[in-house]
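1. just to be clear, the model below is a prediction. Sequence and coordinates:
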Protein chains: 2
Amino acid sequence: MFLLQVPPSPLIGFTSPHASEERESEAKYLEALDKADFPAWLKRLSAKPHHLGSDYGLRNAEFMRSLFASWGYDAQIERFQVLFPEPRERLLTMGRFKARLTEPRLKEDSTSRASGGLPPYNAYSCDGDVTAPIVYVNYGMPEDYDKLDRLGISVKGKIVLTRYGGGWRGLKPKLAGEHGAIGCLIYSDPRDDGYYQGDVYPLGAYRNQNGVQRGSVADMPIYPGDPLTPGIGATPDAKRLELKDVATITKIPCLPISYADARPLLQNLRGPVAPDGWRGALPLTYHIGPSVEDAHLELRFNWNRVEARDVVAKMPGSERPDEWVIRGNHHDAWVMGAQDPLSGAVTVLEQAKATADLAKTGWRPKRTLVFCLWDGEEPGLIGSTEWVETHEKELNDKAVAYVNSDTNGRGYLGMEGSYELQPLINGVARDVKDPEKGISVFDRARDRQLAGAAPSARPAIRAKQDIKIGALGSGSDYSPFIEHDGISALDLGFGGEDGGGIYHSTYDSFDWYSRFGDPGWNYELALSQVAGLATLRLADADVVPYRFAPLASEIGGYVKELVKLTDQMRADTEENNKTIDSGEFAAALDPRLTETPPVKKDMPPFLGFSPLQNAAAKLQTSCDAYDRAHPVDAPGSAELDRALIGATRAMLGAGLPKRPWYRHEIYAPGLYTGYGAKTLPGVREAIEGRDWKLAGDRIVILAATLDKLSEAVDRAAALK
Amino acid sequence: MFLLQVPPSPLIGFTSPHASEERESEAKYLEALDKADFPAWLKRLSAKPHHLGSDYGLRNAEFMRSLFASWGYDAQIERFQVLFPEPRERLLTMGRFKARLTEPRLKEDSTSRASGGLPPYNAYSCDGDVTAPIVYVNYGMPEDYDKLDRLGISVKGKIVLTRYGGGWRGLKPKLAGEHGAIGCLIYSDPRDDGYYQGDVYPLGAYRNQNGVQRGSVADMPIYPGDPLTPGIGATPDAKRLELKDVATITKIPCLPISYADARPLLQNLRGPVAPDGWRGALPLTYHIGPSVEDAHLELRFNWNRVEARDVVAKMPGSERPDEWVIRGNHHDAWVMGAQDPLSGAVTVLEQAKATADLAKTGWRPKRTLVFCLWDGEEPGLIGSTEWVETHEKELNDKAVAYVNSDTNGRGYLGMEGSYELQPLINGVARDVKDPEKGISVFDRARDRQLAGAAPSARPAIRAKQDIKIGALGSGSDYSPFIEHDGISALDLGFGGEDGGGIYHSTYDSFDWYSRFGDPGWNYELALSQVAGLATLRLADADVVPYRFAPLASEIGGYVKELVKLTDQMRADTEENNKTIDSGEFAAALDPRLTETPPVKKDMPPFLGFSPLQNAAAKLQTSCDAYDRAHPVDAPGSAELDRALIGATRAMLGAGLPKRPWYRHEIYAPGLYTGYGAKTLPGVREAIEGRDWKLAGDRIVILAATLDKLSEAVDRAAALK
């Protein structure tokens, strides 16, 4: 039995009598969870390679569908036909050195002997056959190319060698290509992902010298999902792009390699010693290059269409069946995927099973529950995106919230999501116990923040009622829900005490996970508890449990940030230009090195922020008014729910510049950060890109969107 | 001919007509400097090992004395009998691994084949023969032992393995011994000093895997110089301590090793993975230990007395012969010492030669010039300390300033010193051109500060008339002058564009220096110019060129720092104790690791800072008054000079707690930092050590010293 140590906090959206009923249902749900399922399912699902389109992926989907069906769900496999290139030829040589490009079997890892797995490669790299010297470009992010410019080193006509980290992998070949490189290699440096971090597998949890991070390099900040069908479902009869017209496939060939394979390449580099922040943990002096010898990189892919199989299981709502609460995690892996994605996927299964057990006691969800296990997340959030695009109209009408998870492990609860759900998820976190420490997972996460903060910063953390959740960028299946469709979303998972370096490698296996991921399966249980309670509360509440004040407060903060950012850019530009003009930068440089001073930049104008500032102020007023008019224990109505759902959709606009698939005006993955969220992305990226005209235009657009949101919240506030 | 680009700044301490004469003399001095001397002398002096007590050290001293004599100086070799242990036995094994403990010959380095050099060792390590497991303690500084405590790892009965860096090497065996270790190994990690920094010697300038940093581990923050004769000159008849009573010899045996020798030891460690900041650049996972196997360390030394030979050359002053301006650099090396110390030593020779050439034109210094080349700096500032102690009375009466240098190389001018000399040395820096950039070395140093500063910090740097010089701690021969005798001092040298990793190794050779230290000998010339002009201005000025406002301003700043430090400690202690009491620290910890929460600390009381604050305010008033009463071009007098010299001595007190040899109340090397300066050390170290009673007592003592200084400055101000 699950024990609460403190009097339970009020349940948001429940009248007092309904809150008591909900607590009773939740107790039954928690009671029904069974830790023994996790190793059994995880072992079964990770027994063979199960990437998108694979035989075992289909068998896994069928297995999960049958589980759902056996528990009484209406469970289907929904299929899409999607582009998924698999490697036909991979070759990397330099002089007599030939890269290994494979991950050897380990006697300590039983599934590393399995066949049929995808070898290390980057999906949606173009085909290519290039021969050129190598230049090392650190993480291959925009600031790294700025530094190369200052050092007078061009990547034009070269193959760049970049290390994983610093930003989303797909940006590396994109930026390399934009700077004139003809090929891109990405390796895992042991500084970031290897022996520097801890003992390597199989002795310890960390990446060994032969481990390689596979991964998609499709330009997902433009659009995710099937590259051939942007914006629409990849159904058999969908209108498809021709391969040559696909914007998200790389322009230059790109291959991931191990640090054992990278080492001889790095040793071949000459030219300047790499700046301090560029150096990794291999036992050599990191130079930028170019290399003495040419490297030869050859990549060929089968550009086939394969079948993506999403498992979708529904339990209809008893009172408001046309409102959906969706809970999902992907099921496809790069190879065995015990951690990624199965550690999260099995918590969805367990949640569904316990929810079905709860239903056997007579309980029914007020709203419809939809459990989803997505295919093709790894190549590009394909299963979720195609499903969202296919059912866009229905989701727009019905979706209350999407609760996502992905990998999970020992440690602290991580919470990202839509800020209207911040109070809800904090309440859940207060009600779930950390399995190894006995305090709530809320306290544990907050205490970790406290312990890591400067003493002077701690009182402010203690003073806040809730832990501030993170903003959603991209990197998992919540992306199409919130960013394309405006659906409130959460992304949940434990971690931070698991460590590891098997991400997207063959060694992400049951053997690894049961030793290092969550030995004891305690945090698998904890995630089933957290996501389960969040889902149940979303499904059962008398009124959709959004609270708008935190959202308005976040948005108000972002607006202040943008004003400050522009002021700071203006001050820095002025001062830097002055330091350039005076010759002071030039004077400080070593005349025997190639480094040159920075170049002058245009002065940022004063932007007309006032419409945005006024809109943000109005939004705060509207949101505060809603929260006052509708206390957390007020009764609800279907009409109010409709108004609330409508309010979240009010944050959608006509699409972001250069990437109209992304319609959310408040959150998007950064065009040049990838995973990381950019808040108020239209305006922020225009400012960061010094496109002042565009920034001015986007301020007006964003202000109108915020006004639309205020009006929607006002409408909800006026309802009973 | 040396060209000034801008109208010369006023010469501090010179009346206008005398300033013109001085400019003419300086032009002749600069003209007489001859770059060709540097390689010739440096090659000759570095041809064989010339450590303290060595045959070649004597031959070098005789060669330099004869040079001075040939230029017309009254030149002597002054001899002391000092304790200097040389190794008889060095053994380090672990299982079948036997450490190499030698630096192999390199065909690219001609003197690496020389015999008679000291092998790698730490001077003033005690004898010892110990066998125990190894524990890795990072830099072996106080905060590292705090971390070990929190991790529950004891070094008691263990041999610690520590890396160079983070603080003075002598603190490593001291702290290890205080924590119960029975042996200490110090290695150069390639992260700090090796391939991580750049290509290794002989390909590049950096430390190769066999290079070892020798060095003294005598407890010099207690007292430097001959360990047998603290506070008195080590003359033949001096009263000496018995060896067993010497406090500055280590309590546990200590040996420096290369990273090639350290690697098998590190690989043998188990226990927790070392915290992020503890990890180096060897290709392994850094663990803390203990090691699986025991290490065996055996060290035996010949505890002999040897002869230290200081070369001292004088040119009597024409008007005020009883005022001395002293210019020095050491001449002893650990092995060949091309960079350390000869790159600095030859600039002293060149300066003396050009000064003698100037004297041939009829010029004579107003004050007496004393050129010194010290022996035994490496083992413990021995030559300079014994000379200062021997001539203490005379120096107290006569010394106007001591101008030190040590190693020198390509790059930016580094200036440390007494703040009453800050305007003087800034003026000199404005008058010397950077040989590779054509602007003044002042501009170059300031532009480097600007280029490295945040844009918002640059206006403040530009607004300051002078570059703020650094405070003197320890690490070279200025220490006894300022810290024991209160003599104003400067320490000068170029660097920052030379790089390198041959410090205290066999490979600090002519071959290395001419390739990497100062190829072209331009910065050797520049240091001869800077130190030469500083010395000439100190010698020729109508009035000793101190300006007191910068000193008072610095001291006022230190007092504010101490108040802030105590307030911060109080706030942090309160908050940390609260976070401990609440269990929040404990809650954040991983239950499967050994780490424990920090322990509570006593609350710092409010200290009675007011006497110190009042004294600092009064000092500022007095110093401003002196500078107003004596403009930079006012005439002087011998009486005023005496008052000014007396003012600098007013900063001496009865000695610091636990180390009465250090008498300066404003500057000392830190008891637990070693090289780094501690300002207002009596009070500051009491606060840092949380000895509140002592802090209160030292505030009163320091306030009285500042009052004494104010009165001395007032007396000078009243004179004409």
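-> Received, thanks. Numbers count the residues shown, from 1 in each chain, chains lettered A, B, ... in the order given.

2. you'd agree residue A:423 is in a strand?
-> No: for residue A:423, which was evaluated using DSSP: H, G, I helix; E, B strand; the rest coil, the result is helix, with no strand membership.

3. which residue is the nearest non-sequential neighbour of it?
-> Closest residue in space to residue A:423, ignoring its immediate chain neighbours: residue A:547 at 4.5 Å, by Cβ to Cβ, 6 or more residues apart in numbering or on different chains. Backbone N, C-alpha and C define where each C-beta goes, glycine included.

4. likewise for residue A:133?
-> That would be residue A:290: by Cβ to Cβ, 6+ apart, it lies 3.8 Å from residue A:133.

5. my read is that that neighbour contacts residue A:136, right?
-> No: Residue A:290 sits out of contact with residue A:136 when judged by Cβ atoms under 8 Å, with a separation of 9.1 Å.

6. when those two are compared, which one has more neighbours?
-> residue A:136 (29 against 22; other Cβ atoms under 10 Å in any protein chain shown).

7. quickly list the domain ranges of chain A.
-> A:16-81+A:306-432+A:470-494+A:507-540, A:86-303, A:549-718 (automatic domain parsing).

8. deepest of these, which one?
-> The highest average neighbour count among the domains of chain A, using mean count of other Cβ atoms under 10 Å in any protein chain shown, belongs to domain A:16-81+A:306-432+A:470-494+A:507-540 at a mean of 23.

9. quick check: mean pLDDT across it?
-> Mean per-residue pLDDT for domain A:16-81+A:306-432+A:470-494+A:507-540: 98.

10. off-centre distance for it?
-> 15 Å (Cα atoms, centre = their mean, to the nearest Å).

11. quick check: end-to-end length of it?
-> 13 Å (Cα to Cα, to the nearest Å).

12. and stretch A:201-216, by the same measure?
-> The first and last residues of stretch A:201-216 sit 24 Å apart, counting by Cα to Cα.

13. residue ranges of the helices in the stretch 351-500 of chain A, please?
-> For the stretch 351-500 of chain A, applying DSSP state H, counting those that start in this stretch gives helices covering A:377-380, A:382-390, A:392-398, A:422-430, A:441-452, A:458-463, A:478-479, A:485.

14. and what of the stretch 1-150 of chain A?
-> Under DSSP H, counting those that start in this stretch, the stretch 1-150 of chain A gives helices at A:16-32, A:37-45, A:55-70, A:142-151.

15. and of those helices, who's closest to chain B?
-> For chain B, the closest of the helices of the stretch 1-150 of chain A is helix A:142-151, at 11.8 Å, according to Cβ to the nearest Cβ.

16. ok, and the closest non-adjacent residue to residue A:708?
-> For residue A:708, the spatially nearest residue (Cβ to Cβ, 6+ apart) is residue A:650, at 4.6 Å.

17. surely that neighbour touches residue A:714?
-> No: contact criterion Cβ under 8 Å: residue A:650 and residue A:714 do not qualify, at 10.8 Å.

18. what helix or strand does the nearest residue to residue A:714 once chain neighbours are set aside sit in?
-> Nearest non-adjacent residue to residue A:714, counting by Cβ to Cβ, 6+ apart: residue A:622, 5.2 Å away. Of the helices and strands defined by DSSP states H and E, residue A:622 is found in helix A:610-629.

19. give me the helices and strands touching that helix, please.
-> Applying 3 or more Cβ pairs under 8 Å, 6 or more residues apart in numbering or on different chains; DSSP states H and E, one finds that helix A:610-629 contacts helix A:549-581, helix A:692-718.

20. next secondary structure after it?
-> helix A:638-649.

21. beyond that following helix, next helix or strand please.
-> strand A:667-669.

22. contact partners for the spatially most central residue of chain A?
-> Geometric centre of chain A, nearest residue: residue A:475, 2.4 Å, by Cα atoms, centre = their mean. Applying Cβ atoms under 8 Å, 6 or more residues apart in numbering or on different chains to residue A:475 gives the contacts A:168, A:406, A:669, A:674, A:675.

23. same question, residue A:443
-> Residues counted as contacts of residue A:443 (Cβ under 8 Å, 6+ apart) are A:430, A:434, B:587.

24. give me the nearest residue to the first one, chain neighbours excluded.
-> Taking Cβ to Cβ, 6+ apart, and ignoring the residues beside it in sequence, residue A:430 has residue A:442 as its nearest neighbour in space, at 4.4 Å.

25. chain center to stretch A:535-546, what's the gap?
-> That offset, for stretch A:535-546, works out to 25 Å (Cα atoms, centre = their mean).

26. looking at the helices and strands packed on helix A:610-629, which is nearest to residue A:116?
-> Nearest of these to residue A:116, taken as Cβ to Cβ: helix A:549-581 at 45.9 Å.

27. quick check: mean pLDDT of that closest one?
-> 97.

28. and the helix or strand just after it, what does it pack against?
-> Following helix A:549-581 in sequence order, the next helix or strand is helix A:584-588 (DSSP H and E). With contacts defined as 3+ Cβ pairs under 8 Å, 6+ apart, helix A:584-588 has these neighbours: helix B:441-452.

29. what angle separates the helix it packs on from helix A:549-581?
-> 160 degrees (axes from the mean of the first three to the mean of the last three Cα atoms, to 10 degrees).

30. where does the stretch 551-700 of chain A dip in pLDDT?
-> Along the stretch 551-700 of chain A, the model assigns pLDDT under 70 to no residue.

31. which parts of it sit against chain B?
-> Residues of the stretch 551-700 of chain A lying close to chain B (Cβ under 8 Å from any Cβ of the partner chain) are A:571-572, A:575-576, A:579, A:583-585, A:587-592.

32. cool, and the stretch 201-350 of chain A?
-> A:204, A:206, A:273, A:279, A:281, A:282, A:283, A:284, A:285.

33. nearest residue to the fourth one in space, please, no chain neighbours.
-> Right, the one you point to is residue A:279. residue A:286 (4.4 Å).
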